[in-house]
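K.L.:
what's the 3D shape of this:
(one chain, ligands or ions: 2)
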Amino acid sequence: MKAYLSRRYHFSASHRLNTDAYDAARNREIYGKCNNPHGHGHNYTVQVTLSGQVDPATGMVCNLADLDLFAQKNLLAKFDHANLNTLDCFQNTVSTTENLTAEIYSIFQNFTAAHLERIHVEETSNNSFDYVGGASPAPGTR
Ligand SMILES: Nc1nc2c(c(=O)[nH]1)N=C([C@H](O)[C@H](O)COP(=O)(O)OP(=O)(O)OP(=O)(O)O)CN2
Ligand SMILES: [Zn+2]
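P.N.:
Ligands and ions are numbered 1, 2, ... in the order given. Okay, the predicted model is just below:
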């Protein structure tokens, strides 16, 4: 029997939206208050959704304790109370939540006890983002 499970993690981090592709004036125009040089913070919520066969002996797709250990070491230790813009993954990539969600997806792809279905990230109570992996369609094929 195949089943899905989801688990939520929380971290606080700061960031500033800014791209080297544009000058300061254009950055202010695009990102508005999120381009403030002093940065700002969010309490992010990450929901990891996994799937797999339910082990008939344990009754579990995978043990949430194993997922928690993985998340602590590979997600929370890296992002909690960090300035996202200082992390290697955001040196050449804007720290939008679209990009953060894709980065977190790439992290959980290394959790091998179940199949990674989706990463859902809530940045504020109004904004949430999802990434399910896969290659982008070629231009004009969508
Ligand atoms: N496409 C995206 N747009 C924006 C992102 C993003 O990651 N992707 N991020 C931001 C900001 O980081 C920002 O801090 C969120 O601002 P805002 O949407 O104004 O936040 P809320 O409306 O939820 O909260 P308020 O405090 O009420 O403004 C912006 N855009
Ligand atoms: Zn922000």
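
K.L.:
going forward, measure contacts between C-alpha atoms and count neighbours the same way
P.N.:
Will do.

K.L.:
In contact with the spatially most central residue of the chain, which residues?
P.N.:
With distances taken as Cα atoms, centre = their mean, T101 lies nearest the centre of the chain, 2.7 Å away. By Cα atoms under 8 Å, 6 or more residues apart in numbering, the contact set of T101 is 119-121, 129-131.

K.L.:
How far off centre is the longest helix belonging to the chain?
P.N.:
Taking residue count as the measure and DSSP state H as the definition, the longest helix of the chain comes out as helix 97-108. Using Cα atoms, centre = their mean, to the nearest Å, the distance from the centre of helix 97-108 to the centre of the chain it belongs to is 4 Å.

K.L.:
now swap in stretch 91-102 and tell me
P.N.:
The chain centroid and the centroid of stretch 91-102 are separated by 8 Å, computed with Cα atoms, centre = their mean.

K.L.:
Give me the mean pLDDT for it.
P.N.:
When pLDDT is averaged over stretch 91-102, the result is 98.

K.L.:
can you give me the strands in this structure?
P.N.:
2-15, 40-53, 82-83, 115-122, 128-131 (DSSP state E).

K.L.:
Dump stretch 34-44 to PDB, keeping only the CA atoms.
P.N.:
As requested, the backbone C-alpha atoms of stretch 34-44 are provided in PDB (Å, rounded to 0.1, in the frame of the first residue of the first chain):
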ATOM      1  CA  CYS A  34      12.200  43.900   0.400                       C
ATOM      2  CA  ASN A  35      15.300  45.600  -1.100                       C
ATOM      3  CA  ASN A  36      15.900  47.600   2.100                       C
ATOM      4  CA  PRO A  37      19.700  47.500   2.600                       C
ATOM      5  CA  HIS A  38      19.200  46.500   6.300                       C
ATOM      6  CA  GLY A  39      17.300  43.300   5.300                       C
ATOM      7  CA  HIS A  40      14.300  41.900   7.100                       C
ATOM      8  CA  GLY A  41      13.200  38.600   8.600                       C
ATOM      9  CA  HIS A  42      10.600  35.800   8.400                       C
ATOM     10  CA  ASN A  43       9.500  32.900  10.400                       C
ATOM     11  CA  TYR A  44       9.500  30.300   7.700                       C
END
